[in-house]
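In: Structure for this input, please:
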Amino acid sequence: MNTQRISQHWIGIGDSRPQLVATFYRRLFERHPRFRPLFPESIDHQMEKMLETLALVAEHADTPGAVHPRLRRGGAAHDRYGLTDADFDDFIEVLVETLAEYNTRDWCDECEQAWREALRRVVLPSMHEGLH
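Out: Purely as a prediction, here's the structure:
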């Protein structure tokens, strides 16, 4: 996994990070409306948590132990929703698509692959551990 690509891309997004997260959730709810009822009407707090989690992954994808406890707690918080692997796949697809639209200067196939690997090899295993 090319963690340098992830970090470089994330740094390049800069002040647009909150907009990226807002775009992600808007798009997720439009494409997969089944997710909307899982969130409160105001998702400001959730957006902050997502922003913090993405920052942790971008900074520490090469040291999963640094993000594991937070992600495991996130998985535990989502346990009651009965999320499936398909739900996580949909989440990742929308997130990667949204990431690609921010800091297009640093986006490339290698960057996309790095983000996908980080989400599948770091985020999902920790979340799954919290789900059970």
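In: Quick one: the helices in the chain, in order.
Out: 3-13, 17-31, 44-60, 64-78, 85-100, 109-118, 124-131 (DSSP state H).
In: Between the ones you listed, which one is closest to Leu38.
Out: Closest of these to Leu38 is helix 64-78, at 8.0 Å (criterion: Cβ to Cβ). Every C-beta, even on glycine, is put in place using the N, C-alpha and C of the backbone.
In: Report the angle between the closest one and helix 85-100.
Out: Relative orientation of helix 64-78 versus helix 85-100 (axes from the mean of the first three to the mean of the last three Cα atoms, to 10 degrees): 120 degrees.
In: Dump the helices of the chain to TSV, plus distance to Pro37.
Out: Output for the helices of the chain, formatted as TSV (distance: least, Cβ to Cβ, whole Å):
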stretch	distance to Pro37
helix 3-13	29
helix 17-31	10
helix 44-60	13
helix 64-78	13
helix 85-100	13
helix 109-118	27
helix 124-131	19
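In: In a markdown table: these, plus mean pLDDT and mean neighbour count.
Out: Listed next are these as a markdown table, based on pLDDT from 0 to 100; neighbours: other Cβ atoms under 10 Å:
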| stretch | mean pLDDT | mean neighbour count |
| --- | --- | --- |
| helix 3-13 | 95 | 18 |
| helix 17-31 | 97 | 16 |
| helix 44-60 | 91 | 16 |
| helix 64-78 | 76 | 16 |
| helix 85-100 | 94 | 16 |
| helix 109-118 | 95 | 17 |
| helix 124-131 | 74 | 18 |
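In: Name all residues that make contact with Gln46.
Out: Gln46 is in contact with 25, 39-40, counting by Cβ atoms under 8 Å, 6 or more residues apart in numbering.
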